[in-house]
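> I'll drop the sequence and a predicted model, then ask my questions.
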Amino acid sequence: ELKVEQNPLFLSMQEGKNYTIYCNYSTTSDRLYWYRQDPGKSLESLFVLLSNGAVKQEGRLMASLDTKARLSTLHITAAVHDLSATYFCAVSDTTGNQFYFGTGTSLTVIP
Amino acid sequence: DSGVTQTPKHLITATGQRVTLRCSPRSGDLSVYWYQQSLDQGLQFLIQYYNGEERAKGNILERFSAQQFPDLHSELNLSSLELGDSALYFCASSVGGNPYEQYFGPGTRLTVT
């Protein structure tokens, strides 16, 4: 079974600072997803990364994928309070049919 | 609003009972996925249906079953409920069977007492 590890589990950061969330997975994967979940809400798709070296950016968030290292990062630039949420990475296996989620990173941005 | 609807929003039931959760995908989406989110297990993929056929199974218990109907809505049936089945159940939909993007519904919160 494919394992997905995220770190850190909890992240408290000040507004205006930069930080990176890491997502490691155990075996070859077809694609890598990042999601955001606000408390009591559903999941919102942020990024889908399909190939080695893929980089996607939306606002203050940038995601990248290194398939050789089996590592994806979600970089937060100049954090603002609105980014406070839990962020999940997920990986599908090579069939694209099975999905495995990381444990989530609970991000709190402090004014 | 993702366009995916789930009913009911909340469900409280007793151990040993059986419940049915319903999901309507976005218009035009052929795939439906079911997920369970709990404090103990995190987010787990349960099962996927594509155009009425089961496509993939994840960590779905034998007490749980699902189906997708000709109108593409899906139901997740949970039977012989245990306290540990208390969780948020999400469904998601996508256009194809190998999704570039999944759209998640608001979830059904199940509490087993």
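That came in fine, so what should we check first?
> Now the residue nearest in space to the middle of chain B. Nearest residue, chain neighbours left out?
Most central in chain B under C-alpha atoms, centre = their mean is residue B:34, positioned 3.3 Å from the mean C-alpha point. Of all residues not flanking residue B:34 in the chain, residue B:46 sits nearest, at 4.2 Å (C-beta to C-beta, 6 or more residues apart in numbering or on different chains). To be clear about C-beta, it is placed using only N, CA and C from the backbone, and glycine gets the same treatment.
> burial of the one you found, as a residue count?
Residues lying near residue B:46 (other C-beta atoms under 10 Å in any protein chain shown) number 21.
> which secondary structure element contains it?
strand B:42-50 (DSSP states H and E).
> And that strand, what's buried?
Of all the residues in strand B:42-50, those buried under the rule 16 or more other C-beta atoms under 10 Å in any protein chain shown are B:43, B:44, B:45, B:46, B:47, B:48, B:49, B:50.
> ditto for stretch B:29-43
For stretch B:29-43, using 16+ other C-beta under 10 Å, the buried residues are B:29, B:30, B:31, B:32, B:33, B:34, B:35, B:36, B:37, B:43.
> The second one and residue B:72 touch, don't they?
Yes - counting by C-beta atoms under 8 Å, residue B:72 is a contact partner of residue B:30 at 6.6 Å.
> who touches both of the two?
The contact sets of residue B:30 and residue B:72 overlap at residue B:51 (C-beta atoms under 8 Å, 6 or more residues apart in numbering or on different chains).
> Which neighbours in the sheet does the helix or strand residue B:34 falls within have, and how are they oriented?
For residue B:34, the host element (DSSP H and E) is strand B:31-38. Applying DSSP bridges, strand B:31-38 is found paired with strand B:42-50 (antiparallel), strand B:87-94 (antiparallel).
> Just give me how far the longest one sits from the chain centre.
Think strand B:42-50. 7 Å (C-alpha atoms, centre = their mean, to the nearest Å).
> okay, it in CSV with CA atoms only?
Only the C-alpha atoms of strand B:42-50 are listed here, as CSV (Å, rounded to 0.1, in the frame of the first residue of the first chain):
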residue,chain,number,x,y,z
GLY,B,42,-7.7,10.5,8.7
LEU,B,43,-9.0,10.7,5.1
GLN,B,44,-9.5,7.3,3.5
PHE,B,45,-10.6,6.5,0.0
LEU,B,46,-13.4,3.9,0.1
ILE,B,47,-14.6,3.2,-3.4
GLN,B,48,-15.0,4.6,-6.9
TYR,B,49,-17.7,4.1,-9.5
TYR,B,50,-17.5,5.1,-13.1
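> what's in contact with it?
Against strand B:42-50 from outside (C-beta under 8 Å, 6+ apart): A:88, A:90, A:97-101, A:103-104, B:30-37, B:54-60, B:64, B:66-68, B:74, B:76, B:96-97.
> sorry, back to before: among the buried residues of stretch B:29-43, list the two that are farthest apart in space.
The most widely separated members of these, counting by C-beta to C-beta, are B:30 and B:37 (23.8 Å).
> Where does the prediction get shaky in chain A?
Within chain A, the stretches with pLDDT under 70 are A:30.
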